[in-house]
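Participant: sequence unknown, structure follows:
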């Protein structure tokens, strides 16, 4: 499958490919991007600022991209992101996003070191169907992942998560552990952020899926 994706990218005039599955519980990639770039991308949570990802979430159609996607006045963080990507030969490309279960998203990106590229010659319906089939196949065969987004919880955050999973409220946790209510709320908010959850029930579900509780 990886060989087929690599050949597809080259046949269409691109250098590399990246399949990216983005969801709350875990985000992972199957790609021939340089290993160092993949590790850096996930370690620094670049998916938060990557214009390709934000555009894919918004439009859900095949599109082309390059450094101009940053806008006229990109932030310092975004300029660093584009500069680092260019160092690894990632300057432009096309991305094909699809909706997956429960409001999540996956996409296939074909990238090149060239300054610009175009998606005009790609049939969007065939492209989306192909990516959907790829997504289904990769979900079933998880052994080929090349990178995953790490999840880090501090001991206090993990403690709160475990008490929440037992049905305890913030005030109950504060009383049980002998810490202030404000600190418990602080730990819980940080815990939700680390798990990329929008609610405590979702955080609990993600924690269980990841084997944290």
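Facilitator: Noted; the coordinates are in hand. Worth saying up front: this structure is predicted, and the values here are computed from it rather than measured.
Participant: and the helix or strand where residue 127 lies, what other elements does it pack with?
Facilitator: In this assignment (DSSP states H and E), residue 127 forms part of helix 124-140. Here helix 124-140 touches strand 16-22, strand 92-99, strand 105-112, going by 3 or more C-beta pairs under 8 Å, 6 or more residues apart in numbering; DSSP states H and E. C-betas here are computed from N, CA, C, even on glycine.
Participant: do you know how far residue 112 is from residue 86?
Facilitator: 11 Å (C-beta to C-beta, to the nearest Å).
Participant: who has more neighbours, these two?
Facilitator: With neighbours defined as other C-beta atoms under 10 Å, residue 112 and residue 86 compare such that residue 112 has more, 20 against 14.
Participant: pretty sure that one contacts residue 17?
Facilitator: No. Here residue 112 lies out of contact with residue 17, judged by C-beta atoms under 8 Å, at a distance of 10.7 Å.
Participant: all helices for this protein, in order.
Facilitator: Assigned by DSSP state H, the chain shows helices spanning 2-11, 35-43, 51-59, 76-87, 124-140, 155-165, 170-177, 181-194, 200-209.
Participant: and the third one, how far out from the chain's middle?
Facilitator: I take that to be helix 51-59. Between the centre of helix 51-59 and the centre of its chain there are 11 Å (C-alpha atoms, centre = their mean, to the nearest Å).
Participant: return the residues in contact with residue 153.
Facilitator: By C-beta atoms under 8 Å, 6 or more residues apart in numbering, the contact list for residue 153 reads 161, 191, 194, 195, 212.
Participant: what's the distance between residue 61 and residue 130?
Facilitator: Taking C-beta to C-beta, one finds residue 61 at 14 Å from residue 130.
Participant: and the helices and strands packed on helix 124-140: which comes nearest residue 178?
Facilitator: Of all the helices and strands packed on helix 124-140, strand 16-22 sits nearest to residue 178, with 38.9 Å by C-beta to C-beta.
Participant: quick check: mean pLDDT across that closest one?
Facilitator: The predicted model gives strand 16-22 an average pLDDT of 90.
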